[in-house]
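> Provided below are the primary sequence and the corresponding predicted coordinates.
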Amino acid sequence: AAVAERAARAGSQVVLDALGGKASEVRQKGALDLVTETDEASERAILEVLRQAYPSHAILGEEGGVSGDASSGVLWCVDPLDGTTNFAHRYGAFAVSVGVMRGPDPVAGCVVEFAGGPGTWVTRTYLGAPGRGATVNGAPIHVSGIDAVNRALLVTGFGYD
């Protein structure tokens, strides 16, 4: 979990730095799928941390695809800027996500969420691992007691392509 957090924080620092500067160039990967220079720079920062810690592990990055040893049995999954459309519009609902699987089983994950807006950006860091629970900014979090969809708040996105 510590490496997932370190990698996600490295990517989120790239995103935070970009938020303080000029807007990233936005390109289209598909009909509705965007990518920015910041997506790519964040992924490079994350991969640097992961490769330094675990050079033989496989990594699946949203922007760069699969790299490393696919036979290692370990796969890191990276979304260097989840919510690129929101980021490009400076709408505070995007994140950096890093998770790791051993075979089909999740091992750990970290999400650094961005909220606020220009001049008021804040982040929350979610960290979790099976059997160890989950935290936000180091404080334990728990699933809600809501057991009916009609009483729940659901947030959706839109597909691409």
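Looks like it arrived, so ask away. Computed from a predicted structure; not experimentally measured.

> which helices and strands does the biggest strand by length in the chain pack with?
In the chain, with assignment by DSSP state E, the single longest strand is strand 105-115. With contacts defined as 3 or more CB pairs under 8 Å, 6 or more residues apart in numbering; DSSP states H and E, the packing partners of strand 105-115 are helix 2-19, strand 94-102, strand 122-129. Heads up, the C-betas are built off the backbone N, CA and C, glycines and all.

> deepest of the ones you listed, which one?
Most buried of those, by mean neighbour count (mean count of other CB atoms under 10 Å): strand 94-102, with a mean of 23.

> check what contacts it and list those residues.
Outside strand 94-102, the residues that touch it by CB atoms under 8 Å, 6 or more residues apart in numbering are 3-5, 7-8, 11-12, 15, 42, 46, 50, 57, 73-84, 86-87, 106-114.

> restricted to buried residues, select those residues in ChimeraX.
This is how ChimeraX selects the buried members of these, with burial counted by 16 or more other CB atoms under 10 Å:
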select :3,4,5,7,8,11,12,15,42,46,50,57,74,75,76,77,78,79,80,81,82,83,84,86,87,107,108,109,110,111,112,113,114
